[in-house]
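Participant: turn this into a structure:
(one chain, ligands or ions: 2)
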Amino acid sequence: SPTWMKEDVTYRILNYTPDMLQADVEEAIARAFQLWSSVTPLRFTRVYSGQADIMISFAARFHGDFYSFDGPGGTLAHAYPPGSGIGGDAHFDEDENWTKFTTYSVFVLCAFLGYNLFLVAAHELGHSLGLSHSNVFGALMYPIYMAVDTRNYQLHQDDIDGIQALYG
Ligand SMILES: CC(C)C[C@H](C(=O)NO)C(=O)N[C@@H](CC(N)=O)C(=O)NCc1cccc(N)c1
Ligand SMILES: [Zn+2]
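Facilitator: Ligands and ions are numbered 1, 2, ... in the order given. Have a look, this model is predicted:
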């Protein structure tokens with residue numbers, strides 16, 4: 001599978017979801033990148049203009065590529081494997097409710113607040129780095145989202161093995 005042929009990879013946040021504070025979006029994305037940089041030689045640098053390797057955006061329905069989003073639920077986001085142009089880019093479905101909380105958060109009394117952006121971003125960035133889905137239940141790259149406590153989230157060994165097979 002394709003990988004970035006360099007250790008320094010740039011990313012740019014093109015727009016924001018109205019569901020969260022911009023600072024919380026930026027922190028969720030930065031923490032998601034840190035998960036992967038902590039187990040690879042990769043370094044991620046945020047840029048604020050021009051072309052970045054990984055362009056991050058929120059959009060709904062048709063958004064200019066061949067994979068339109070589907071409204072609330074269903075597909076939450078998608079990301080392209082490493083490459084030029086759209087390669088590496090990650091798109092998040094704006095019709096989802098994005099949050100920094102998880103159902104384990106003390107702030108959540110009962111209602112399901114939505115999808116944790118850090119968790120989904122960590123999964124999507126796995127794709128942006130070249131990982132495909134895992135069949136290991138509990139792995140970050142498992143195809144189905146599971147709300148877990150994200151306060152001190154650790155990559156599953158399967159995720160570490162996968163990314164180190166590409167960049168170790
Ligand atoms: C065929 C793909 C475009 C599906 C899409 C996905 O895998 N994106 O990476 C997706 O949004 N899958 C949903 C499946 C679902 N609605 O349960 C998902 O939760 N993926 C994100 C995710 C986030 C965090 C953890 C895990 N394991 C999966
Ligand atoms: Zn996925």
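Participant: contacts only, for the closest residue to residue 1 other than its chain neighbours.
Facilitator: Once its chain neighbours are removed from consideration, residue 1 has its nearest residue in residue 130; the separation is 4.8 Å (CB to CB, 6 or more residues apart in numbering). Yep, even glycine has a C-beta here, placed from its N, CA and C like the rest. Taking CB atoms under 8 Å, 6 or more residues apart in numbering as the definition of contact, the neighbours of residue 130 are 1-4, 81-82, 166.
Participant: kindly give a single PyMOL line that selects the buried subset of the residues you listed.
Facilitator: Per 16 or more other CB atoms under 10 Å, the buried members of the contacts of residue 130 correspond to this PyMOL selection:
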select buried, resi 3+4+81+82+166
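Participant: farthest pair in the contacts of residue 130?
Facilitator: Pairwise distances across the contacts of residue 130 peak at 11.5 Å for 1 and 4 (criterion: CB to CB).
Participant: is the residue of the chain found nearest ligand 1 in a helix, a strand, or coil?
Facilitator: Distances between the chain and ligand 1 by CB to the nearest ligand atom are smallest at residue 145, namely 3.2 Å. Under the three-state scheme (DSSP: H, G, I helix; E, B strand; the rest coil), residue 145 adopts coil.
Participant: show me what contacts it?
Facilitator: Remark: with contacts taken as CB under 8 Å, 6+ apart, residue 145 is in contact with 76, 115, 119-120, 123.
Participant: and it, what's its pLDDT?
Facilitator: pLDDT recorded at residue 145 is 84.
Participant: relative to residue 96, how far out is it?
Facilitator: Look at residue 145 and residue 96: by CB to CB, to the nearest Å, they are 10 Å apart.
Participant: show me where this protein has strands.
Facilitator: Under the criterion DSSP state E, the chain carries strands at the ranges 8-13, 43-46, 54-59, 77-79, 90-93, 98-99, 115-116.
Participant: got TSV for the ones you listed, with mean pLDDT too?
Facilitator: Rendered in TSV, the data for those read as follows (pLDDT from 0 to 100):
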stretch	mean pLDDT
strand 8-13	98
strand 43-46	98
strand 54-59	98
strand 77-79	98
strand 90-93	98
strand 98-99	94
strand 115-116	92
